[in-house]
Structure formats: structure tokens, C-alpha cells
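>>> Here's my sequence, what's the structure:
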Amino acid sequence: MTRVRVTAPRTAALPVAPSATAAREAAEESDAGQVFVRSLIRSQLRLGLVVAGGFLLILLAFPLLLGLAPGLAESTVAGLPFDWVLLGAGIYPVIGLSAWLYVRTAARNESRYRDLVGDK
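Numbering: from 1, shown residues only. Prediction:
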């Protein structure tokens, strides 16, 4: 059996699409392109604020749940207090779901921008 050495691809050999970059730059320099860029920035900012706000609301709901249902705080799950389990293990799915929603929607926003600019 022969030994094969695997290396990174040569960057000079990779095809470069100058038309895509040129189209994007031309769109950003025109008045309509500037409107598209501002629209993308606003939509990404709005998305970030909505996801962060939703995450904070859910995070604040955990202590409220424990405060409104006092018997819940005294209960145990597998020998651990329920509030520890809720705050320790229950928050990670919320973080993961928030991140997944943000990435998916941000990619969709950028895809719409690329479609508007004509950068495919």
C-alpha cells in the first residue's frame, strides 16, 4: 500500500468569479444598491433583536414559573432539585433553538439580498 499525502488545494487553481464581486460592488455604489444594503442591515438587526428578545423572555419565564408554582421548586428529578434541572439542562435546548432560528433566517435574508443584487 502506498502512502498518500493530502494537502490543501492550490488557491491559484481555484476559479474566481470576478463578475459576482463586481456586481455586488456596483450594486452597493448605486442608489438602489445602497437601499438594498440598508435594507439587509435593518433586517439583520431586527432579526438579532427579535431572537435576543425572545431568548430573554424565555429565560425570564423560568424563574417566574418557579416563583408562581412554589411546589415545583421543592420537587426533585433524579435526586436533583427541579429548579437546578430546569435552569441547568432546560436552557440549552432554548439556546440551540434560538441559534438555529437566527442562522436559518439570517441566511434567508442574505439569499434574498443576493437575489435582489443579481449575485447568484
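>>> Give me the phi and psi angles of R5.
Main-chain dihedrals, R5, degrees, to the nearest 10: phi -100, psi 120.
>>> do S75 as well
phi -70, psi 160.
>>> which residues touch it?
81-82 (C-beta atoms under 8 Å, 6 or more residues apart in numbering). Quick note: C-beta positions are derived from backbone N, CA and C, even for glycine.
>>> gap between it and L68?
Distance of S75 to L68, computed by C-beta to C-beta, to the nearest Å: 14 Å.
>>> Ok, G33 next?
Where L68 is concerned, G33 sits at a distance of 51 Å (C-beta to C-beta).
>>> Which of those two has more residues huddled nearby?
G33 (17 against 9; other C-beta atoms under 10 Å).
>>> in which helix or strand would I find the more buried one?
According to DSSP states H and E, G33 maps onto helix 31-68.
>>> same question, W100
Taking DSSP H and E as the criterion, W100 maps to helix 91-117.
>>> just how off-centre is that helix within its chain?
Centroid separation for helix 91-117 versus its chain: 4 Å, with C-alpha atoms, centre = their mean, to the nearest Å.
>>> Mind giving me the packing neighbours of it?
helix 18-29, helix 31-68 (3 or more C-beta pairs under 8 Å, 6 or more residues apart in numbering; DSSP states H and E).
>>> least reliable of the ones you listed going by mean pLDDT?
Lowest mean pLDDT within the helices and strands packed on helix 91-117: helix 18-29, at a mean of 59.
>>> Name the secondary structure element that contains V4.
When elements are assigned from DSSP H and E, V4 belongs to no helix and no strand.
>>> List phi and psi for it.
Here V4 shows phi and psi, under degrees, to the nearest 10, equal to phi -120, psi 130.
>>> Check the burial of it by counting its neighbours.
5.
>>> again, but for Y92
Using other C-beta under 10 Å, Y92 has 9 neighbouring residues.
>>> Then Y113?
Neighbour count for Y113, taken as other C-beta under 10 Å: 19.
>>> That one and R42, how far apart?
Between Y113 and R42 the distance, using C-beta to C-beta, works out to 11 Å.
>>> swap in S98?
Shown here: S98 relative to R42, a distance of 20 Å by C-beta to C-beta.
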